[in-house]
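# What would the 3D arrangement of this be:
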Amino acid sequence: MARTDGAETRNHTLYLEIRRNLLRGSFPAGHRFKLSKLCAELGVSVSVAREALTRLAEQGLVVLEPNKGFSVPQLTDAEINDVAFVRKEIEAIAVRRAIEQGGIDWETGVVAAHHRLMVSPNAALDEDPEANEQWTSAHRAFHEACAAGCDSPRLLAFRTQLYDQSEVIRQMAKLRRGKQRDVAGEHAELAQAVVSRQADRAVELLHAHIERTRLSCLDAWTAAQT
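Numbers count the residues shown, from 1 in each chain. Presented below is the predicted three-dimensional model:
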């Protein structure tokens, strides 16, 4: 029997709701999802809840363990390091290709996305949830814009998946902007290198940017466990 439009809509709505909360760090590491609770809170069937969580598990945002169900990934040094390593390589491929193939509309998109990021206040989630969400959205849009000109839907989809995994880690580590790091300056340098078509420089800056985030996440997560 074909799926109804209503079932498809409920599944997608639930998927987006859980994904949004994951990316905001609303669930602690190791949190187990109870299907019955999700169904009661959101008025969906068990099959809809399971399908939404399965989709998130396929993207690496949720873990599915036999006989245990769905849960938020546990953070480990190895997990943080691995996500950062792969993301650096994929982002670099996408941005380098975008610099080679992107046109004036792509350049304009990068400039506009960077301006939005620049004027968005960077606040921790527990300090100012609204400002945090605005900055998080602008940050995502900026990195998307830098890669958008690569003209490869599969590469962009994989890049997004890794970015989301990295964002879950960043939020669960409750990463804050340290005084020793000029995140706005890092983004400004990257934007300048991208729009001026300096591919090697852009990749170098991108790698350094993700590496600093990796180290900050490791430090923050270690501190949270002590």
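
# How about residue 217: what's its closest non-neighbour residue?
Of all residues beyond its chain neighbours, the one nearest residue 217 is residue 173 (4.4 Å), with distances taken as Cβ to Cβ, 6 or more residues apart in numbering. All C-beta atoms are positioned from the backbone trio N, CA, C, and that covers glycine.

# What separation do you get for that neighbour and residue 59?
Counting by Cβ to Cβ, to the nearest Å, the separation of residue 173 from residue 59 is 19 Å.

# Kindly report the same for residue 222.
According to Cβ to Cβ, residue 222 stands 26 Å off from residue 59.

# neighbour-wise, which of the two wins?
residue 59 (16 against 11; other Cβ atoms under 10 Å).

# and that one, what does it touch?
Neighbouring residues of residue 59 by Cβ atoms under 8 Å, 6 or more residues apart in numbering: 161, 164, 165.

# pretty sure the last one is touching residue 60, no?
Pointing back at residue 165 there. Yes - distance between residue 165 and residue 60: 4.9 Å, which falls inside the contact criterion (Cβ atoms under 8 Å).

# who's more crowded, these two?
Set side by side, residue 165 and residue 60 give different neighbour counts by other Cβ under 10 Å, the larger being at residue 165 (22 against 15).

# for the more buried one, helix, strand, or coil?
Assigned with DSSP: H, G, I helix; E, B strand; the rest coil, residue 165 falls in the helix class.

# Tell me which residue is most central in the protein.
Among the residues of the chain, the one closest to the centroid is residue 164, at 2.6 Å (Cα atoms, centre = their mean).

# Look up the closest residue to that residue, ignoring the ones flanking it.
residue 61 (5.9 Å).

# what about that neighbour, which helix or strand?
When elements are assigned from DSSP states H and E, residue 61 belongs to no helix and no strand.

# Can you read off the pLDDT for it?
In this model, residue 61 is scored at 85, pLDDT.

# cool, the one 5 residues further on as well?
Turning to residue 66, the model gives it a pLDDT of 86.

# Over to residue 221?
Per-residue pLDDT puts residue 221 at 79.

# ok now do it, which residues does it touch?
The contact partners of residue 221, taken as Cβ under 8 Å, 6+ apart, are 75, 77, 80, 172, 173.

# Could you pull out the strands in this protein for me?
With DSSP state E as the criterion, the chain has strands at 63-65, 69-71.

# okay if I get those strands as CSV plus distance to residue 186?
Output for the strands of the chain, formatted as CSV (distance: least, Cβ to Cβ, whole Å):
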stretch, distance to residue 186
strand 63-65, 31
strand 69-71, 33
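
# okay, now the closest residue to residue 160 other than its chain neighbours: neighbour count?
Take residue 160 and drop its neighbours on the chain: the residue closest to it by Cβ to Cβ, 6+ apart is residue 144, 7.4 Å away. With neighbours defined by other Cβ under 10 Å, the count for residue 144 comes to 17.
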